[in-house]
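>>> Pasted the sequence and its predicted model underneath.
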Amino acid sequence: MNLQYLIHLANYSDGVLYVLGALLLVELSVIVDRFWFLRRTILRGLIFVHELGSHGRLDRDTLNQMADGASDLPEASLLRMAASHHGQVKGEGLASRLEESVLVLAPQLDRRLWLLDTIITLAPLLGLFGTIIGMFHAFSVLATPGHAPTAVTGGVADALVATATGLFIAMLGLMAFNAFNNQVRQILLQLDSVKTMLINRMDGQPMITPDNGEQQRSEMLSVARAS
């Protein structure tokens, strides 16, 4: 299959294959962009969740430092929101404000996925349309005197290439679309985990570590002896 034959197929469908080729380029661009962004966000987010889990009670300075370290991660917005309300809002009020940040971030996570959704539906329809046009060309040979049967069958085969191309583009887009939706769900779960951790560490008691745990036990014994 050389370039000349590909041009013949595209012309046979009256240019529909050119449109399908453009859709394939758009689809691949979205796939590469979303794969890089979502995969990077998930991996860095996992590291951040483990780091946040290692902290005890969080103060405003610590929250601001962690927000700077998170840089362009979605978790940074939650940290900045928590820092701005530190010492002012607690419990359900703080949870509502953090949930508001998650809702604002959600559209950024599935950005441009609507293009994949549109291509998944449009590509097979365009492929079928190109095949119908190709069929017109194939059967128009019957109207000419002295036509050869092989010309008709060869034309039908060329016409079916458009449908096959549209189906291939749709299948590729469908696999990518489902995979990206799953990754978006994972990121939202990470954000929900960060929200819960922030509420617990801004509202609760300092986490007992082996060092300060021993100190607390000594203080309790001293109080018991004094009483």
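Looks like it came in fine. Numbers count the residues shown, from 1 in each chain.
>>> what ranges of the protein fall below the confidence cut-off?
For the chain, applying pLDDT under 70 flags the ranges 1-6, 8-13, 87, 89-90, 141-155, 203-227.
>>> So for it, the centremost residue is which one?
Nearest residue to the geometric centre of the chain (CA atoms, centre = their mean): F180, 4.1 Å.
>>> which SS state does it fall under?
helix (DSSP: H, G, I helix; E, B strand; the rest coil).
>>> Name all residues that make contact with it.
Residues near F180 by CB atoms under 8 Å, 6 or more residues apart in numbering: R34, F35, L38, D110, L113, L116. Yep, even glycine has a C-beta here, placed from its N, CA and C like the rest.
>>> Next one: it from R34, what distance?
5 Å (CB to CB, to the nearest Å).
>>> got the contact list for stretch 158-178?
Residues contacting stretch 158-178 (CB under 8 Å, 6+ apart): 8-9, 12-13, 16-17, 20, 23-24, 27, 30-31, 34-35, 113, 116-117, 119-121, 123-135, 137-138.
>>> let me fix that: stretch 68-79
41, 44-45, 48-49, 63-64, 66-67, 98, 101-102, 104-105, 108-109, 187, 190-191, 194-195, 198.
>>> buried subset of the residues you listed?
Buried subset of the contacts of stretch 68-79 (neighbour count, 16 or more other CB atoms under 10 Å): 41, 44-45, 48-49, 63-64, 66-67, 98, 101-102, 105, 109, 187, 190-191, 194-195, 198.
>>> Quick one: the contacts of F180 as CSV, columns for neighbour count and secondary structure too.
Below are the contacts of F180 laid out as CSV (neighbours: other CB atoms under 10 Å; DSSP: H, G, I helix; E, B strand; the rest coil):
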residue, neighbour count, secondary structure
R34, 23, helix
F35, 14, helix
L38, 21, helix
D110, 19, coil
L113, 17, helix
L116, 23, helix
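>>> Could you give me the PyMOL selection string for whichever of the contacts of stretch 158-178 are buried?
The PyMOL selection below is limited to those of the contacts of stretch 158-178 classed as buried (16+ other CB under 10 Å):
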select buried, resi 9+12+13+16+17+20+23+24+27+30+31+34+113+116+119+120+123+124+126+127+129+130+131+133+134+135+137+138
